[in-house]
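A.B. asks: got a predicted structure plus its sequence, pasted below:
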Amino acid sequence: MLLEKKEVSWLLIEAEVRSITRAMLGLVVSMKRAVLFSALVCLSSCGIIPDHQTPVPDLSSPDHWTGTAILGVQDPLPWLLEIQDPKLEALIKEALLHNFDLQAASARVEIARATAIIGGADRFPQVSAGADAMRSQRNSTQGFTLTNPRNNNFGVDFSLNWELDVWGKLKNRAQSAELGFAASEMDFKYARLSLAARVASAWFRVIGANQQLGLAEKKVQAFIQTQKIIYDGFVDGIFNPLDLRLARANVSVAQSQRDGRRMGLDNALRSLEILLGRYPQASLAAAASLPELKPHTAVSLPSTLLRRRPDIIAAEQRLLAADQQFNAAWKNLLPSFSFAASGGTNAGQLSDILDYNQLVWNILGNLTQPLFQGGRLIAQKEQANAQALEAASNYATVILTAYFEVETGLYSEQLLETQEKSLQIASHESVEAERLALEEYSSGLVDMMTLLESQRRSYDARSALLEVSTQRLLNRVNLYLALGVDIEIENDPSPAMDQGWFVSSSVN
């Protein structure tokens, strides 16, 4: 019998819920009509513009790069395919997996994703439910009898609050958060490319520093050999004390320079190990020589740079997000419409908690028009407008910086190549001149100063050649990064970004 009573109660409650739903829908329809009427009055009397878009400074892309008179214009390949260095690829994989800056960037993406979900939650009804139970006792005296009756109270309740997004204010906020999420994704992608470029540059510096140390060691040994020849000649009375002292001074200077090269290699190794997420103990073994570069790299048209570079896309997304924040800010001045519904039961017995007769509910519609808040809403609107203007300026700055990086990289590419060819000739000729000077000095045909000058020029030319060869590689890597060229590593170990059910949407 009790079961039948509960079934009847459930049916009555279900019917009442349907009645509540119909009442809520009717209230929503009525409020929408009132809102539409208010909107027409507002738009006709106040001249409100629906949505605002901050103008961006005119930065039309040039037809061609001014710094590339000899390079072909085409889409560049992933740059690890152009720099054939298996060790470098392994180091980049290690950095993508263990670098803490990249892990922090990945965490910021997750923060932005959660922020976007939070920002869009206000567009949906906020529903909550609860249950409570209470027991109380109160002593009372009636006649000569002392009583202490106990009272029980049980209840369940639910509530619903929903702000109607009549003006699109909540949509603006949600889209701003989504665009912020999209910008953080581009930030992560650029951080990934930047890390790969930094690892490559650090690796090339390690190789260059190691080669410079080897050259400095050869210089010391050559000067020691020269000193020995001069000393033997001094003992035999052929050379004077001045020659011997100059030879000894050259050895000491060369040893000092060698120690400086050791310090440079040590710093380069530790800097690279930090990027790899390792303890900086300078234990990484350097390669014997720098990888070979192709004579030229392909470049795309300037217009494609705006669609390829992640930092430019991120700046654009932030500008759009700032516009959405401004749209939401000025819509705060308009009336807001919301309704709330609540219901529940309250019974003295737990078995009656679902009794239809205990059910109570109410629905409330609300219209609020801000009148005076001490200038806060106006200030928020002006603040959002200024932030949008700032975002537009930052966007233009990022574009100009990107153009600058590409143009200087292309121009340096040509000059460094020419410089390297000149130094190759200078290095070859200086080595031959050193050999001839040593032979002629031993025969007494030239003086000590000629020998020392030929040796100095020989090692300076070879050192300069190594420096320029390293600089060419560094410039090429910076050019790849400036062009936004990807690396496309097989089995990329970059931190994964699980977007869950949330998908960033573009602004319509």
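C.D. replies: Everything's here; your move. Keep in mind it's a predicted model, so treat the numbers as computed, not measured.
A.B. asks: now do the same for the nearest residue to P302 once chain neighbours are set aside: its pLDDT.
C.D. replies: Of all residues not flanking P302 in the chain, S61 sits nearest, at 4.4 Å (C-beta to C-beta, 6 or more residues apart in numbering). For glycine as for every other residue, the C-beta is placed from the backbone atoms N, C-alpha and C. The confidence metric pLDDT takes the value 74 at S61.
A.B. asks: and S61, that's in a helix?
C.D. replies: No - S61: not assigned to a helix; according to DSSP: H, G, I helix; E, B strand; the rest coil it is coil.
A.B. asks: would you mind measuring from it to H296?
C.D. replies: Counting by C-beta to C-beta, to the nearest Å, the gap from S61 to H296 is 22 Å.
A.B. asks: got it, and L275?
C.D. replies: L275 is 28 Å from H296, where distance means C-beta to C-beta.
A.B. asks: please give the element, helix or strand, for L367.
C.D. replies: Counting by DSSP states H and E, the element that carries L367 is strand 359-368.
A.B. asks: just checking: what are the partner strands of that strand?
C.D. replies: In the sheet containing strand 359-368, its partner strands are strand 336-347 (antiparallel), by DSSP bridges.
A.B. asks: one step back: higher neighbour count, L275 and H296?
C.D. replies: Per other C-beta atoms under 10 Å, whichever of L275 and H296 has more neighbours is L275, with 24 against 15.
A.B. asks: identify the residues contacting the more buried one.
C.D. replies: Shown in contact with L275 (C-beta atoms under 8 Å, 6 or more residues apart in numbering): A95, N99, L195, R198, V199, A202.
A.B. asks: those residues: which two are farthest apart?
C.D. replies: By the measure C-beta to C-beta, the contacts of L275 have their two most distant members at N99 and A202, which lie 11.7 Å apart.
A.B. asks: quick one: which of the two has more around it?
C.D. replies: Applying other C-beta under 10 Å to N99 and A202 shows that N99 carries more neighbours, namely 24 against 21.
A.B. asks: the more buried one touches R278, doesn't it?
C.D. replies: No - at 10.1 Å, N99 and R278 do not qualify as touching, with contact defined as C-beta atoms under 8 Å.
A.B. asks: list residues touching both of those two?
C.D. replies: Between them, N99 and R278 share no contacting residue under C-beta under 8 Å, 6+ apart.
A.B. asks: one step back: save the contacts of L275 as JSON lines, and put in secondary structure too.
C.D. replies: Shown next, in JSON lines, are the contacts of L275 (three-state DSSP):
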{"residue": "A95", "secondary structure": "helix"}
{"residue": "N99", "secondary structure": "coil"}
{"residue": "L195", "secondary structure": "helix"}
{"residue": "R198", "secondary structure": "helix"}
{"residue": "V199", "secondary structure": "helix"}
{"residue": "A202", "secondary structure": "helix"}
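A.B. asks: closest one to L410 out of these, please.
C.D. replies: For these, the closest approach to L410 (C-beta to C-beta) belongs to R198, at 20.8 Å.
A.B. asks: now the closest one. Nearest residue, chain neighbours left out?
C.D. replies: Nearest non-adjacent residue to R198, counting by C-beta to C-beta, 6+ apart: L275, 5.9 Å away.
A.B. asks: how about low-confidence regions in the stretch 101-250 of the chain?
C.D. replies: Low-confidence regions of the stretch 101-250 of the chain, defined by pLDDT under 70, span residues 135-150, 154-155.
A.B. asks: which residues in it form strands?
C.D. replies: 126-137, 140-142, 145-147, 150-164 (DSSP state E, counting those that start in this stretch).
A.B. asks: could you say what helices and strands the longest one packs with?
C.D. replies: Going back to what we said before, that points to strand 150-164. In terms of contact count using 3 or more C-beta pairs under 8 Å, 6 or more residues apart in numbering; DSSP states H and E, strand 150-164 is assigned the packing partners helix 2-46, strand 126-137, strand 336-347.
A.B. asks: count of neighbours near the closest residue to P280 other than its chain neighbours?
C.D. replies: Closest residue to P280 in three dimensions, ignoring its sequence neighbours and counting by C-beta to C-beta, 6+ apart: R270, at 3.8 Å. Summarising burial for R270: neighbours were counted as other C-beta under 10 Å, giving 18.
A.B. asks: and R270, how close does it get to L306?
C.D. replies: Between R270 and L306 the distance is 38 Å, computed by C-beta to C-beta.
A.B. asks: how about the helices in this structure?
C.D. replies: Using DSSP state H, the helices assigned to the chain run over residues 2-46, 79-82, 86-98, 100-121, 169-235, 241-275, 302-308, 310-331, 376-442, 448-483.
A.B. asks: between those helices, which one is closest to V156.
C.D. replies: Comparing those against V156 with C-beta to C-beta, the closest turns out to be helix 2-46 (10.6 Å).
A.B. asks: isn't A328 up against N172?
C.D. replies: Yes - applying C-beta under 8 Å as the test, A328 and N172 come out as touching, 3.9 Å apart.
A.B. asks: more neighbours, the two?
C.D. replies: Applying other C-beta under 10 Å to A328 and N172 shows that N172 carries more neighbours, namely 25 against 22.
A.B. asks: if I look at the more buried one, how far off is R308?
C.D. replies: Counting by C-beta to C-beta, the separation of N172 from R308 is 29 Å.
A.B. asks: follow-up on the earlier one: how much space between the residue nearest to P280 and R308?
C.D. replies: The separation that R270 has from R308, given C-beta to C-beta, amounts to 33 Å.
A.B. asks: circling back: how about CSV for the helices of the chain, with distance to T66 added?
C.D. replies: As requested, the helices of the chain are arranged in CSV below (distance: least, C-beta to C-beta, whole Å):
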stretch, distance to T66
helix 2-46, 49
helix 79-82, 22
helix 86-98, 31
helix 100-121, 33
helix 169-235, 23
helix 241-275, 33
helix 302-308, 10
helix 310-331, 19
helix 376-442, 6
helix 448-483, 14
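A.B. asks: comparing these, which comes out most buried?
C.D. replies: helix 310-331 (a mean of 23; mean count of other C-beta atoms under 10 Å).
A.B. asks: I'd like to know which elements it is packed against.
C.D. replies: Judged by 3+ C-beta pairs under 8 Å, 6+ apart, helix 310-331 is in contact with helix 169-235, helix 302-308, helix 376-442.
A.B. asks: pLDDT weak spots in the stretch 251-400 of the chain?
C.D. replies: Per-residue confidence for the stretch 251-400 of the chain (pLDDT under 70) gives these ranges: 297-298, 343-359, 361.
A.B. asks: out of everything not next to it in sequence, what's closest to the residue positioned nearest the centre of the chain?
C.D. replies: For the chain, the residue lying nearest the average C-alpha position, counting by C-alpha atoms, centre = their mean, turns out to be D187 (2.5 Å). Nearest in space to D187, with sequence neighbours left out and distances taken as C-beta to C-beta, 6+ apart, is A314 at 5.2 Å.
A.B. asks: what of I229?
C.D. replies: Among residues not flanking I229 along the chain, S442 sits closest, at 6.5 Å (C-beta to C-beta, 6+ apart).
A.B. asks: and the one you found, how far from I230?
C.D. replies: Using C-beta to C-beta, we find S442 at a distance of 10 Å from I230.
A.B. asks: try Q455
C.D. replies: Taken as C-beta to C-beta, the span from Q455 to I230 is 12 Å.
A.B. asks: one step back: what sits against the residue nearest to the centre of the chain?
C.D. replies: Under the criterion of C-beta under 8 Å, 6+ apart, the neighbours of D187 are A105, R108, V109, P310, D311, A314.
A.B. asks: wait, the fifth one touches R192, no?
C.D. replies: No - with contacts defined as C-beta under 8 Å, D311 does not count as touching R192, sitting 11.7 Å away.
A.B. asks: do you know how far the nearest residue to L320 once chain neighbours are set aside is from Q380?
C.D. replies: Residue nearest to L320 in three dimensions, not counting chain neighbours: L179, with 5.0 Å by C-beta to C-beta, 6+ apart. When C-beta to C-beta is applied, the distance between L179 and Q380 equals 19 Å.
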